[in-house]
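1. next comes the sequence, and after it the predicted model I'd like to discuss.
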Amino acid sequence: MNVRMSLAVAALSVASPAFADNHSGGDAAAGEKEFRKCKSCHMIVDDEGNNIVRGGRVGPNLYGVIGRTAGSVEDFRYSDLLAAAGEAGLEWDEAEFAAYVQDPTGYLREYTGESSGRGKMAYKVRDEQDAMDLAAYLATFSDGMDDGGDG
């Protein structure tokens, strides 16, 4: 019985990431509306330089953010805390991104184990469903997504 249980747990652990990616609980259409609040600081520009969503340049380009290592957009100056999270291996998936946007500095402090330092993003997405919707929307512009780009 222990062997069967171990095999079942192993099979579920392999299948869980794929299941989670496809069933994030986010609604991309609702996330598109939520992104309107983000575009004062962020834009979505594909690898060829095509503007998908015009926005500010205070924050990094969010094209391909889902699946990308945190703090890795060239020529963007990240906070030390976010850079440390990326160096520690943080890769944005929908769940991590949704958690981050709800409390950016708190999330980064918890992830890195640092008790001080701040992230640069001051805005917080207050509603968990809005955060999941936003992550689902941004995932459409990332590798491996049906209607996304090659980000």
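-> Alright, I've got the coordinates. As the structure is a computational prediction, the values presented were derived from the model and not from experiment.

2. what about the protein, any weak spots by pLDDT?
-> Low-confidence segments of the chain (pLDDT under 70): 1-24, 144-151.

3. apply 80 and report the result again.
-> Applying pLDDT under 80 to the chain flags the ranges 1-24, 143-151.

4. quick one, strands of it?
-> Ranges of strands within the chain are 44-45, 51-53, based on DSSP state E.

5. so which of those strands comes closest to Ala29?
-> With CB to CB, the closest approach to Ala29 among the strands of the chain belongs to strand 51-53: 14.3 Å. For glycine as for every other residue, the C-beta is placed from the backbone atoms N, C-alpha and C.

6. which helices and strands sit right next to that closest one?
-> For strand 51-53, the elements it packs on are strand 44-45, judged by 3 or more CB pairs under 8 Å, 6 or more residues apart in numbering; DSSP states H and E.

7. ok, and what's touching the strand it packs on?
-> By CB atoms under 8 Å, 6 or more residues apart in numbering, the residues outside strand 44-45 that reach it are 51-53, 55, 61-63, 138, 141.

8. over to stretch 115-131?
-> Stretch 115-131 is contacted by residues 25-26, 30-31, 34, 37-38, 41, 59, 78-82, 84, 97-99, 101-105, 107-109, 134 when judged by CB under 8 Å, 6+ apart.

9. give me the buried subset of these.
-> Neighbour-count burial (16 or more other CB atoms under 10 Å) applied to the contacts of stretch 115-131 gives 26, 30-31, 34, 38, 41, 59, 78-79, 81-82, 84, 97-99, 101-105, 107-109, 134.

10. Arg57 touches Lys39, doesn't it?
-> No: shown here, Arg57 and Lys39 do not form a contact pair, counting by CB atoms under 8 Å, at 10.9 Å.

11. what's the neighbour count on Gly86?
-> Number of residues near Gly86 (other CB atoms under 10 Å) recorded here: 18.
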